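Asks: Dropping the sequence and predicted coords here.
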Amino acid sequence: TNESGFTALPGGARFLGGNYGHIGIIGYWWTSTEDYPSNAWYRQLNHDASGIARFPVGWTVGFSVRCIKD
């Protein structure tokens, strides 16, 4: 419904080894919070679910970035 004003398009991800997947199905966004020196948290939105998930992952994958203007 885009009630939040954040149009979260499911852009998928670039996984370890350079393969791309989940395009059009899942959106992944980095957060600014580190989990360990080589990990960070990310948020995940699925195209068929209303919730948002949060997981840690290593810096070896590629996710989308959302820029916010203060």
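Replies: Arrived safely.

Asks: avg pLDDT for the biggest strand by length in the chain?
Replies: In the chain, with assignment by DSSP state E, the single longest strand is strand 26-36. Per-residue pLDDT values over strand 26-36 give a mean of 90.

Asks: What are the contacting residues of that strand?
Replies: Residues from elsewhere that reach strand 26-36 (CB atoms under 8 Å, 6 or more residues apart in numbering): 8-13, 22, 40-47, 54, 56, 63-66. The C-beta positions use only the backbone N, C-alpha and C, and glycine is treated the same way.

Asks: 7 Å - rerun?
Replies: Residues outside strand 26-36 that contact it (CB atoms under 7 Å, 6 or more residues apart in numbering) are 8-13, 40-47, 56, 63-66.

Asks: List the buried residues for the helix or strand that that strand is followed by?
Replies: Next helix or strand after strand 26-36 toward the C-terminus (DSSP states H and E): strand 39-46. By neighbour count with 16 or more other CB atoms under 10 Å, strand 39-46 contains the buried residues 40, 42-45.

Asks: What residues sit buried inside the helix or strand that strand 39-46 is followed by?
Replies: Counting by DSSP H and E, the next helix or strand C-terminal to strand 39-46 is strand 53-58. Going by neighbour count (16+ other CB under 10 Å), the buried part of strand 53-58 is residue 57.

Asks: how far is strand 53-58 from where the chain is centred?
Replies: 9 Å (CA atoms, centre = their mean, to the nearest Å).

Asks: CA atoms of it as PDB?
Replies: Extracted in PDB, the C-alpha atoms of strand 53-58 (Å, rounded to 0.1, in the frame of the first residue of the first chain):
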ATOM      1  CA  ALA A  53      13.100  -9.200   8.700                       C
ATOM      2  CA  ARG A  54      16.500  -8.300  10.100                       C
ATOM      3  CA  PHE A  55      19.600 -10.600   9.700                       C
ATOM      4  CA  PRO A  56      23.400 -10.300  10.000                       C
ATOM      5  CA  VAL A  57      25.600 -11.100   7.000                       C
ATOM      6  CA  GLY A  58      29.200 -10.700   5.800                       C
END
